[in-house]
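> make a model of this:
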Amino acid sequence: MQDIEKFSAYLLAGPDSFQGTLDYLRNEILHDQNMIFAAVTEKTKNEELYVIANSGLSEDSVAGLGWLSMSSEFPTIECLALNEEIYLPTAEAWLKKYPGSNLFRQNLEIEEIFCFPMKLNPTSSHCLTLAFRSRPTKDSWAQEKYRSLSHLLSIYLQNIEKKRIIRIEMPQVSIRRRIANLNTLQQKIVTEILEGKNNQQIAEDLELNINTLKRELKRIFKELHISQRTQIYAKILDES
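Here you go, the predicted structure:
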């Protein structure tokens, strides 16, 4: 949850570098997950394949992905072809599904991979790929976390594609009206959330008892018609 909040706060600050955003995702958000690389790949209407941004891939690996475009036996390629989410939690799952590219997987030491389809423009298909080595502990919520991070990045990139600017501010739509109707303390809590702070940091900044903060959060969620704090970021990104 904290990873998602931190990444959301970063995106809401309006980074203007595509490459820097992937570097931040890899080095600051997923660094403790034994991440190998994050990459966004584009497939044009002419069936041409481009790795348009990546963090962690070598030039040889990028060239290898180009070679694999001749085959469907790679999760990124299948994600682009089918516009479907692909998740392989283990090397065994990869070998069973894509035996033809298992050597490439071994060379990169990939144990877990997540591919999320993205639609950044009407003429091409895009895929965000997150690849990991074996992790010390298996997080049962990993897939959902990757999906949430990917969804937030997808919304951000769509805004960049449309030349829209994202700022940390109240959106000019319904959620703004709901936030404006909150009391002063609750508005301060929302501001702290948008800055990526966790409950302990918010309680310290606002000099609140942690249980008081939790009660206020429940009231905020009810007033904003949400069930969790990450939805604030998603709504603001959607409505920016």
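> skip the chain neighbours and tell me the closest residue to the residue nearest the centre of the chain.
Central residue of the chain (Cα atoms, centre = their mean): Leu149, 2.1 Å from the mean position. In this structure, Leu149 finds its nearest non-sequential neighbour in Phe7, 5.7 Å apart by Cβ to Cβ, 6 or more residues apart in numbering. Just so you know, the C-beta spots here come from the backbone N, C-alpha and C atoms, and that holds for glycine as well.
> ramachandran angles for that neighbour?
Backbone torsions for Phe7, taken as degrees, to the nearest 10, come to phi -70, psi -40.
> and it, what pLDDT?
For Phe7, the pLDDT comes out at 87.
> please apply the same query to Lys96.
For Lys96, pLDDT reads 92.
> what's the local residue count around it?
Other residues near Lys96 number 11, with proximity taken as other Cβ atoms under 10 Å.
> please begin residue numbering at 198 from this point
Noted, 198 is the first residue going forward, which turns the last one into Lys293.
> which positions in the host helix or strand of it come out as buried?
Following DSSP states H and E, one finds Lys293 within helix 288-294. Buried residues in helix 288-294, defined by neighbour count with 16 or more other Cβ atoms under 10 Å: Ala288, Trp291.
> ok, residues contacting that helix?
Helix 288-294 is contacted from outside by Pro272, Leu285, Ser298, Asn299, Arg302, Ile307, Glu308, Ile310, using Cβ atoms under 8 Å, 6 or more residues apart in numbering.
> can you pick out the most distant pair from these?
The span of the contacts of helix 288-294, defined through Cβ to Cβ, is set by Ser298 and Glu308 at 14.5 Å.
> can you list contacts of the longest helix seen in the chain?
In the chain, assigned by DSSP state H, the helix with the most residues is helix 339-358. By Cβ under 8 Å, 6+ apart, the surrounding residues in contact with helix 339-358 are 200-201, 204-205, 208, 213, 215, 218, 222, 226-227, 230, 237, 282, 284, 286, 309, 311, 313, 315-318, 323, 325, 327, 336, 362-363, 427, 430-431, 434-435, 437.
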